[in-house]
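Colleague: Next come a sequence and a model predicted from it.
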Amino acid sequence: MKVDAVVYLVDAFDKERFAESKKELDALLSDESLATVPFLILGNKIDLPYAASEDELRYHMGLTNFTTGKGKVNLGDTNVRPLEVFMCSIVRKMGYGEGFRWMSQYIK
Ligand SMILES: Nc1nc2c(ncn2[C@@H]2O[C@H](COP(=O)(O)OP(=O)(O)OP(=O)(O)O)[C@@H](O)[C@H]2O)c(=O)[nH]1
């Protein structure tokens with residue numbers, strides 16, 4: 001089975017479960033069959049006042065200095081896997097569009 005991309009949705013409000021979520025994400029990130037597959041990490045529920053910020057989420061997921069940049073970043077002639085964090089609110093229909101647009105540039 002060919003996987004084009006991975007979208008990983010984290011509940012940014014459920015801080016108690018960040019460690020659990022990081023563990024699952026690490027397992028996917030270290031899966032050899034996904035080594036070159038773009039990863040979109042969505043931090044959901046930012047409409048809630050105590051939801052984690054993007055920086056907090058990045059930190060707790062162990063992604064600080066590991067994300068590859070928003071906007072158009074050409075990784076074509078590198079073997080760097082595209083990975084970015086976008087914050088969103090699914091109920092408010094906000095934020096994930098940017099994430100999916102970012103991801104689409106890396107899908108052949
Ligand atoms: N405030 C808010 N609630 C949301 C959002 N997206 C989903 N929900 C709510 O979250 C609930 C579903 O919940 P989760 O507990 O996140 O679901 P889950 O990931 O399937 O379950 P767990 O594995 O137990 O976390 C529903 O009541 C949704 O309405 C959002 O962007 N903002």
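Modeller: Done, it's in. Residues are numbered from 1 along each chain as shown.
Colleague: so where's the longest helix in this structure?
Modeller: Secondary structure of the chain per DSSP state H: the longest helix is helix 18-29.
Colleague: after it comes which helix or strand?
Modeller: Remark: after helix 18-29, the chain's next helix or strand is strand 39-44, criterion DSSP states H and E.
Colleague: Which SSE is immediately downstream of that next one?
Modeller: Trace forward from strand 39-44 with DSSP H and E and the next one is helix 54-60.
Colleague: Contact residues of this protein facing the ligand?
Modeller: Residues of the chain lying close to the ligand (Cβ under 6 Å from any ligand atom) are D11, N44, K45, D47, L48, S89, I90, V91. Every C-beta, even on glycine, is put in place using the N, C-alpha and C of the backbone.
Colleague: Recalculate using a threshold of 8 Å.
Modeller: Residues of the chain lying near the ligand by Cβ under 8 Å from any ligand atom: 9, 11, 13-14, 17, 44-48, 88-92.
Colleague: Can you list the buried residues in stretch 71-90?
Modeller: Across stretch 71-90, burial judged by 16 or more other Cβ atoms under 10 Å covers L75, R81, P82, L83, E84, V85, F86, M87, C88, S89.
Colleague: Would you point out which residue is most central in this protein?
Modeller: I41 (1.3 Å; Cα atoms, centre = their mean).
Colleague: Correct me if wrong: that one contacts E84.
Modeller: Yes: counting by Cβ atoms under 8 Å, E84 is a contact partner of I41 at 6.9 Å.
Colleague: quick one: which of the buried residues of stretch 71-90 is nearest the ligand?
Modeller: Distance to the ligand, by Cβ to the nearest ligand atom, is smallest for S89 among these, at 3.8 Å.
Colleague: which ones are touching the residue lying closest to the closest one once chain neighbours are set aside?
Modeller: Excluding the flanking residues, the one nearest S89 by Cβ to Cβ, 6 or more residues apart in numbering is D47, at 4.2 Å. By Cβ atoms under 8 Å, 6 or more residues apart in numbering, the contact list for D47 reads S89, V91, R92, M94.
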